[in-house]
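A.B. asks: return a 3D structure for these sequence lines:
(one chain, ligands or ions: 1)
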Amino acid sequence: MNGAYVAVDIGASSGRLMLAQITKNNQIQLQEIHRFTNGFKMVAGHERWNIDYLIHEILTGLEKVKKAGFKQVHLGIDTWAVDYVLVDHQGKKLCDPISYRDKRTAHAIADLTSDFSKDYLYEKTGIQFQDFNTLYQLYEEDQALLAKTDKIMMIPDYIGYVLTGQAATEVTNASTTQMLNLRGGLFDKDLLSKINVHDEQFAKLVEAGTYLGPVMTDWMDTFDLPITDVITVATHDTASAVVGTPAVGHDWAFLSSGTWSLLGTELNVPENGRQAFHENYTNEWGAYGTYRFLKNIMGLWVAQCVKHGYQDKYSFSELAAMATKEKPFQQFIDINDERFVNPKDMIAEIQTYCRETHQTVPTTPGEVMMAIYANLALFYANELQKLNKILGCSLKTLNIVGGGSNISLLNQMTSTLSGLEVVAGPNEATAIGNVLVQMISTGEVKDIVAGRKLIKESFELKQYQPEANHYEGVLARYQSFLEHQD
Ligand code: LFR
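C.D. replies: Down below sits the predicted model:
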């Protein structure tokens, strides 16, 4: 009997428990067990996640696993990155974690780097400058709370701790703090001292694939759970998504397309030279000694906000269908502009941007959505060119995974603009990467190469080829638009 593996995968807008097994004919079978919404709310002056609710949903999902007939499972947890929970000496959280979209860090990069150079920080960490990185969040942290803090736990580490009583700091996620030393492999004491934090405030660093412990009997008394062994997977959702990308050979890039679009490639040696610094590329640590060399792109967050802006009257597929009827490239938008991080009204923000830049203003839902998709595709194509330049490579394939891999319109435009073959799917790559690390840990799958092959054989993938004579000169005009925006 093959093992049963549960992936707890929580993103900024939703969470899910997926159950996976390897079938007799050697395929990964994935089944959704439980899905719930996630989001932040303004509480006590800050945008916060409701972490107790998330844990409750995980336990509810695990009850469903038991009801489905599974008495014993392995479990891995991945979530978004950079956010953390402050835990006191009694092992209790001091408050609900603040979201990376909270405005408290708006000036933190400039303030913190006023007495040392950004080059110095990039040279040490190889991590992109995003004002939401843990480094800046801790810099802005309430000092009274920090004084009471025994442990600073990243979100998935904290959830693992609450479930098992065991504390660990998993590296794929810890690297996003911008506090790990790229060469030494540990928290950088010099950086920590600048934000009044000590390395004893973090539990021991562990690699993805490390056994954490069983879910505590206390939980088994209150919930009807299977016997559950927690494995520390690649706890950063993007790290799991890259593990779950069915790539073969070299010359491939990935696009993990969800709330964020994470576009990049997998490296064995980090790249933190001048060009990477200049382009703000990041070297996040991956599973099995790899690095995710990537850029954060605003992604489907913009579309999610627009959908809410229309009072959720239309589904994503209805919106995509409306967009398909519109002409692309009626306006250029720098989709990574800070103003789209958390505006009050995304539709109005897009329209104001177009007005300010003297371009056609999209008005109907179809026009607004086409403006978003077209500009995402342009952004992707532009970054793919940069990747080739920085790394001196010649990418051939873009693997698009995650929820966004279902949007054919976007996939086709991306392929045509970039001139690359696009392989789309699986949409649940993150959950798949999560279970794959578990399967490798238990020995059911040999290694990541075998695992990616298994994914390729288990899930339906769609291919897109660049269309000839389409969009001539559009990318060049977009690039010149961006240059003039700087
Ligand atoms: C994607 C993601 C990104 C990270 C952002 C904030 O869900 O984890 O990789 O930069 O969320 O945590």
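A.B. asks: end-to-end on stretch 212-227?
C.D. replies: This stretch, stretch 212-227, spans 14 Å end to end (Cα to Cα, to the nearest Å).
A.B. asks: so which bits of it are buried?
C.D. replies: Going by neighbour count (16 or more other Cβ atoms under 10 Å), the buried part of stretch 212-227 is Leu212, Gly213, Pro214, Val215, Trp219, Leu225, Pro226. Where C-beta positions appear, they are placed from N, C-alpha and C, glycine not excepted.
A.B. asks: and Lys204, what does it touch?
C.D. replies: Lys204 sits next to Ala167, Ala168, Thr169 when contact means Cβ atoms under 8 Å, 6 or more residues apart in numbering.
A.B. asks: output the buried residues of stretch 212-227 as JSON lines; include the columns secondary structure and pLDDT.
C.D. replies: What follows is these, written out as JSON lines (DSSP: H, G, I helix; E, B strand; the rest coil; pLDDT from 0 to 100):
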{"residue": "Leu212", "secondary structure": "strand", "pLDDT": "98"}
{"residue": "Gly213", "secondary structure": "strand", "pLDDT": "98"}
{"residue": "Pro214", "secondary structure": "strand", "pLDDT": "98"}
{"residue": "Val215", "secondary structure": "coil", "pLDDT": "98"}
{"residue": "Trp219", "secondary structure": "helix", "pLDDT": "97"}
{"residue": "Leu225", "secondary structure": "coil", "pLDDT": "98"}
{"residue": "Pro226", "secondary structure": "coil", "pLDDT": "98"}
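A.B. asks: tell me the mean pLDDT over stretch 81-93?
C.D. replies: Here stretch 81-93 scores 98 as its mean pLDDT.
A.B. asks: quick one: is that stretch near the ligand?
C.D. replies: Yes - contact of stretch 81-93 with the ligand (Cβ under 6 Å from any ligand atom) involves Ala81, Val82.
A.B. asks: kindly indicate which of the contacts of Lys204 lies nearest Thr113.
C.D. replies: Using Cβ to Cβ, Thr169 comes nearest to Thr113 of the contacts of Lys204, at 24.4 Å.
A.B. asks: surely that closest one and Gln201 touch.
C.D. replies: No - if you go by Cβ atoms under 8 Å, Thr169 and Gln201 don't touch, sitting 10.1 Å apart.
A.B. asks: could you list the low-pLDDT ranges of the chain?
C.D. replies: Low-confidence segments of the chain (pLDDT under 70): 1.
A.B. asks: now with 90, please.
C.D. replies: Low-confidence segments of the chain (pLDDT under 90): 1-2, 115-116, 248-250, 469, 485-486.
A.B. asks: how about the residues of it by the ligand?
C.D. replies: 11, 80-82, 100, 236-238, 258-260, 262, 296.
A.B. asks: the residues you listed in strands, which ones?
C.D. replies: In strands, defined here by DSSP state E, the members of the residues of the chain next to the ligand are Leu262, Asn296.
A.B. asks: what helices or strands is the helix or strand where Arg48 lies leaning on?
C.D. replies: Per DSSP states H and E, Arg48 falls inside strand 46-49. Here strand 46-49 touches strand 40-43, going by 3 or more Cβ pairs under 8 Å, 6 or more residues apart in numbering; DSSP states H and E.
A.B. asks: now do the strand it packs on: which elements does it pack against?
C.D. replies: Using 3+ Cβ pairs under 8 Å, 6+ apart: strand 40-43 touches strand 46-49.
A.B. asks: just give the closest residue to the most centrally placed residue in the chain, not the sequence neighbours.
C.D. replies: Taking Cα atoms, centre = their mean, the centroid of the chain lies closest to Thr238, which sits 3.9 Å from it. Nearest residue to Thr238, sequence neighbours excluded (Cβ to Cβ, 6 or more residues apart in numbering): Leu262, at 5.0 Å.
A.B. asks: okay, now Tyr310: neighbour count?
C.D. replies: Using other Cβ atoms under 10 Å, the number of residues around Tyr310 comes to 14.
A.B. asks: measure it to the ligand for me?
C.D. replies: 24 Å (Cβ to the nearest ligand atom, to the nearest Å).
A.B. asks: again, but for Ala208
C.D. replies: 15 Å.
A.B. asks: for that residue, what are its contacts?
C.D. replies: So Ala208 contacts 170-172, 232-235, 239, 243, 286-288, 437 (Cβ under 8 Å, 6+ apart).
A.B. asks: quick one: contacts for the residue in the stretch 101-250 of the chain that the ligand sits nearest to?
C.D. replies: Taking Cβ to the nearest ligand atom, the ligand has its nearest neighbour within the stretch 101-250 of the chain at Thr238, 3.7 Å off. Thr238 makes contact with Ala81, Ser256, Trp260, Leu262, Glu284, Arg292, Leu294, Thr430 under the criterion Cβ under 8 Å, 6+ apart.
A.B. asks: out of the contacts of Lys204, who's nearest Asn382?
C.D. replies: Taking the contacts of Lys204 together and measuring to Asn382 by Cβ to Cβ, the closest member is Thr169, at 35.1 Å.
A.B. asks: for the closest one, give the beta-bridge partners.
C.D. replies: Leu205 (DSSP bridges).
A.B. asks: contacts only, for it.
C.D. replies: With Cβ under 8 Å, 6+ apart, Thr169 has these contacts: Met153, Met154, Asp157, Phe202, Ala203, Lys204, Leu205, Val206.
A.B. asks: separate out the buried members of those residues.
C.D. replies: Among the contacts of Thr169, those scoring as buried are Met153, Met154, Asp157, Phe202, Ala203, Leu205, Val206 (criterion: 16+ other Cβ under 10 Å).
A.B. asks: quick one: the closest residue to Ile159 other than its chain neighbours from Lys307, how far?
C.D. replies: In space, and not counting its chain neighbours, Ile159 is closest to Ile77: 5.2 Å by Cβ to Cβ, 6+ apart. Taking Cβ to Cβ, to the nearest Å as the measure, Ile77 falls 27 Å from Lys307.
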